[in-house]
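Colleague: heads up, no residue letters with this:
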């Protein structure tokens, strides 16, 4: 998208006409918010409220809602005057009814859900569906038009906002940060988005810190801090702070309109300067707003003699006894009528002209912006032919290469061909992960001071490195959900840092699949490298393949796990992932030099099937069942499996082994459990239905145990994998400690084969001896300190 | 521990004698750091360096090390003068060799590991063991004396430090924050520890933000920000910032000594005022230090014409070609000799008098402080008899109660009996989770402004609520590792936010079990409540039982998962967990009113076994195998299982069901896979070895699949559980969507029993009809909006 440079237009001061519209819209939104929480009948209060009009179960969150809708109304006015494209992210997403009401008032809700019509019957359905079985969730969710941000797990509103505006120069993301959310680590860590935002080719984020004072059960830190400290903190984060405080109406409207006008003007000044060349390259001090308004503002001030507005008591349902307590019921009625619904809705129940005039038109309505339904804007990546990056493999298992380097080269050319549509996010490890070829085309983006000693670092870079998995993951989510492509590459162990984001994004994608109006978005591609098996030098804290296990809990509609064993398979898998939509694609492969097995043609066929027999590795002639099946998923365990098969071939002639390699882990479960699951016929073709399977796995054993459950005679799968044994050691010792070394696999094969040729006992004894030599070697090494190289020990003990 | 009020003693200005000791110690530490990275021989450079003296593989991190050791040296001097008890937490824990060298110079290392003696042979072993197979990890780890903080996953140094000093009034935690780490969310979110720290009964944290400019591959945000912004940020977080900058020696020693003296004096003033009654209750502005020194300080300035010191190039091994490149080798020798080792170590290789005088004595040495080996200080909790909180259960499955309320009452009395030894950490949900009884004894702690409208909030509170799972989890870890007890209670779904901390803490505990010198510490007790099944009202983002799956990946030495089905079982399990040591105890139970099954005596027996047959629920007479086994683990699925058994009892007379409830999930695996695993005999007694088992599980199906793998005929386990289907709906609908409702279980029982009495076909048809009625009800409800209560639908459709 090219930046459209327009003259900054000024948001005019609020006049009486605008005030009338704005306030009417806000009152209407508050009315509809309360209606959703309370009413199952008498939507427009045509008759006095009775207990029968009240929902049997009161759910929803009032406290944050009036602030959310106030901001929404003012931004809508800004849009009307300026034509600014804007997206609204509600950090306090439990204020769901306010955002639903906004979409309803703007008409977008009815366009998507025609039954929720803009009349009294539709309004009643709007109320009834809220937080009800068969209806909609209580939080801002996938069902909410205009949202790319789920209102559940807190902490990600700024990362989503920054991700949404990267390479999206015409977009303004309004990011409301709740003061509860502001206590989370991921949120505090994400203010620094401005240090990575280029005013020329990125859009802008306007954070609005909404300090309403309390969370569920008590006050918040920022609300109770000295305002000077809050101001210092936000200035320290790099923002120009505009403050608005109060609870007076219309005073607050005038002040907030002025604040928003100021903030927007500064944003446009920064952008115009950058885009018209009048920029010295220093990091802009972007504006933000601190809004202090009472929690539950305009709601009942006191209930039963206790203060409610302005306290945590207004967080959810401020009047809880309305069905049984006539006084509460009367207060609710007064409260509802205080918004003067008769001035807001016409006789049919539709929003009247005043309210309609307040809303922007068409796609400029925030509830209708295509940026929040990013699939509508998604362009396919212009992908080079991945076969052009093939590694030449003359014979299997003879050469070594760093597979991820090839992926780096592919991504370099994706960057080249897609200069505004693709980003790599990585916690400071792009080079370490051997993906550094991308720097031939794009620097790291950095808006703080750059010095002559810096390398591949600059304003116009679009590789994004920050030492925060939370930020990397969240930025990519925001980038994806607004229709752009990318990858998050990280050390395998530390992918657990952002595991909850992977989980929540999967839930989002899963729900979106059930909504026909949501167009599919680019998949979330996660590359796990620097894996447990090869973090031998960094030690146990760096050894943890846990994210696979997490993704296995996700729904089959979205979860994909790939374990390419070599470079050509990695290229094939990556190409597939970059073309896919609305999945969580997990790709796991190490960065160290590793054995290469398949030519590109073979790799493509293998990856297309997802799993297959490697005839060259085993001794199975295919005419009858083998004596044992050696299955493997993951690069290092594949090497050990191939080595084990080789040992068996050399030392046990006549013993029939079949080697099966699995790239697509989701081929293992039954088709009814995952759409990639292979048919029982295919499964039996690979694994037979009676022969024991020695299954070596990159991750925790339970991964395979659960995936083969329900397959014919699953008990015959003997799984070896990561059993949480690690330290700083050699790579080969990692396989020994976790009992997945070639020697362990050979012994497993012998122990579990139904038929054993002569020599098996001797071979087992030999394996035991090899492992004993290895152990002795490890114990003794400090004394003789021999050369310790990759797999040296294996070479020594095999040789 | 009672606060010892002492007169603030002043740290004297640095004089020449002290400078000589301090600088010698620092040079010695740097020398030993580089030795660990490079040398396998010629430890004291008695001969010119040759390639043969160099390790074959160069590992370790130089860049942060000189800063870490400078700080260590100065704090040691502070301790010598003041007797201050201090613990050192190295956020940049990859500076492992510096901390190892510190322990070695202080003698503590040799006391623990006698082979690493204080002579030349020991020094050589120190060098060789570093980052070598069979040796020690490259990062600060469990093996490092004086550490409670693993140097792997970044972001937790401040939470660990604050947790360590809570209720630990005499302890000062020196927390070095790396500027890479400072980019993470959890770290940024943890500056706010001061908002929860009481100067009277808690100790102090002195954060030292070490801005050395770069991380692995580039500059950091804070290092490149305008220093005014950094200062504003830290002031905004609530600190009094003392700054030290430079690379001149001895100038830096003088300036850092002065800064440390200032900071310590401020800390003691704050503490003395608070403890002697001269405190107005306002939150102190605690001091912190910003130290700006070059990355790789005192190392080679340029290598091959490229600047190294002060850049990311010095992050790990600044001279990488020493074995092959004579120039590099010569530079290394010059570098090592620049510390003048002959002035530091005597002829035997032992640290000389200058260095010994610099170290504090005995337990005051930071490498020997018992606070970093918290098991030494651990006192058993004074626990009330949990049986005194028993819920009266006249008959199983007849009454409902909120089980966690009972736990709240138990914890209230634990607070009462252990006023300085027990804490509950919770993200703002103590009341929501029905644990509010603790507030009868202790407020929430809060050091920011408290108003008259606040409830149970105050300076002296010791219940800790902050809206950050990261902070709660990390504070508890710090509290545990220094020998105190506690619990982290959280919404089940959002426990995934801190999942990586659970993983890393498990790794710590696992490694500690292998080190005899590390005394066992109180277990990390995690209560997951507000579970997926009962977050029907909050929707899909709040429905995720993923942490169980994560804990299942942990080592059997540490991982424990309990699913008490009712209040009395919860009490029994909690009592066990509070008495246990060095485990990760996960307890999963919902907070809503739920059926109660067992009397206290029955609960104790049941929980002691971990799993057992509930005769009253089934129709099995024990004389022969039943027709089906109905197994269940988790409160809601237990209710559905009991209901299914009841339906079968009423409608299929003669059909023999056995109901097995599992409390301790780790009884399911084989004993070789987990120490709690029941014997095959016990397993067969419960589950037979041929009868099909309908196994309903609180979490994801894969949990049970993997745990029963390898058990006799594991294929007969038909698992139902959470299949990632959720939304805002009714609790019963959650069981229907996830196919674990009573009707599903009855149909499963019928479908899988080997023998079926008459009436089975009709009963299946009835179940299908019940589910159809339910579905129709959900579809229609918006029209008639009937009362939607817990399980109303089940009652309606069963009735």
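Modeller: Sure thing, it's come through. Note that this is a predicted model, so its numbers are computed, not measured. Numbers count the residues shown, from 1 in each chain, chains lettered A, B, ... in the order given.

Colleague: near chain B, which residues of the stretch 551-700 of chain A show up?
Modeller: Proximity of the stretch 551-700 of chain A to chain B is confined to A:552-555, A:700 under the rule CB under 8 Å from any CB of the partner chain. Bear in mind the C-beta positions are built from the backbone N, C-alpha and C, glycine included.

Colleague: take the residues you listed and keep only those in strands.
Modeller: Taking DSSP state E, the ones among these that sit in strands are residue A:700.

Colleague: what's the most distant pair in the residues of the stretch 551-700 of chain A next to chain B?
Modeller: The distance between the two most remote of these (CB to CB) is 20.2 Å, for A:555 and A:700.

Colleague: pLDDT value on residue A:624, please?
Modeller: pLDDT recorded at residue A:624 is 87.

Colleague: quick check: phi and psi at residue A:39.
Modeller: With angles defined as degrees, to the nearest 10, residue A:39 sits at phi -100, psi 140.

Colleague: now do the SS call for the nearest residue to it once chain neighbours are set aside.
Modeller: Using CB to CB, 6 or more residues apart in numbering or on different chains and skipping the chain neighbours, the partner closest in space to residue A:39 is residue A:127 (4.7 Å). Classification of residue A:127 using DSSP: H, G, I helix; E, B strand; the rest coil returns helix.

Colleague: ok, residue A:127 - contacts?
Modeller: By CB atoms under 8 Å, 6 or more residues apart in numbering or on different chains, the residues touching residue A:127 are A:35-36, A:38-40, A:43, A:55.

Colleague: so what are the domain limits for chain A?
Modeller: A:17-372, A:386-595, A:612-798 (automatic domain parsing).

Colleague: any chance of these in CSV, plus distance to residue B:248?
Modeller: As requested, the domains of chain A are exported to CSV (distance: least, CB to CB, whole Å):
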stretch, distance to residue B:248
domain A:17-372, 28
domain A:386-595, 20
domain A:612-798, 36
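
Colleague: ranked by average pLDDT, which of these falls at the bottom?
Modeller: domain A:612-798 (a mean of 89).

Colleague: now that one, how far from the centre of its chain.
Modeller: Put simply, domain A:612-798 sits 34 Å off its chain's centre (CA atoms, centre = their mean, to the nearest Å).

Colleague: now the stretch 51-200 of chain A against chain B: closest residue?
Modeller: residue A:152 (2.4 Å; CB to the nearest CB).

Colleague: spatially nearest residue to that residue (excluding sequence neighbours)?
Modeller: For residue A:152, ignoring the flanking residues on the chain, the nearest one in space by CB to CB, 6+ apart is residue B:541 at 2.4 Å.

Colleague: wait, that neighbour touches residue B:493, no?
Modeller: Yes - taking contacts as CB atoms under 8 Å, residue B:541 lies within contact range of residue B:493: 7.0 Å.

Colleague: shared neighbours, those two?
Modeller: In contact with both residue B:541 and residue B:493: A:152-153, using CB under 8 Å, 6+ apart.

Colleague: which of those two has more neighbours?
Modeller: The neighbour comparison of residue B:541 against residue B:493 (other CB atoms under 10 Å in any protein chain shown) goes to residue B:493, with 28 against 25.

Colleague: quick one, what contacts that one?
Modeller: Per CB under 8 Å, 6+ apart, neighbours of residue B:493: A:152-153, B:530, B:532, B:535, B:541-546.

Colleague: pull out the buried residues from stretch A:515-529.
Modeller: Under the neighbour-count criterion of 16 or more other CB atoms under 10 Å in any protein chain shown, stretch A:515-529 has A:518-529 buried.

Colleague: ok now it, how far from the chain's centre?
Modeller: 9 Å.

Colleague: that stretch: end-to-end distance?
Modeller: With CA to CA, to the nearest Å as the measure, stretch A:515-529 spans 34 Å from end to end.

Colleague: what of stretch A:279-292?
Modeller: 33 Å.

Colleague: likewise stretch A:459-467?
Modeller: Using CA to CA, first and last residues of stretch A:459-467 are 18 Å apart.

Colleague: now do stretch A:143-163
Modeller: Counting by CA to CA, you get 21 Å between the two ends of stretch A:143-163.

Colleague: let me see the contact set for residue A:450.
Modeller: Per CB under 8 Å, 6+ apart, neighbours of residue A:450: A:457-459, B:219, B:224.
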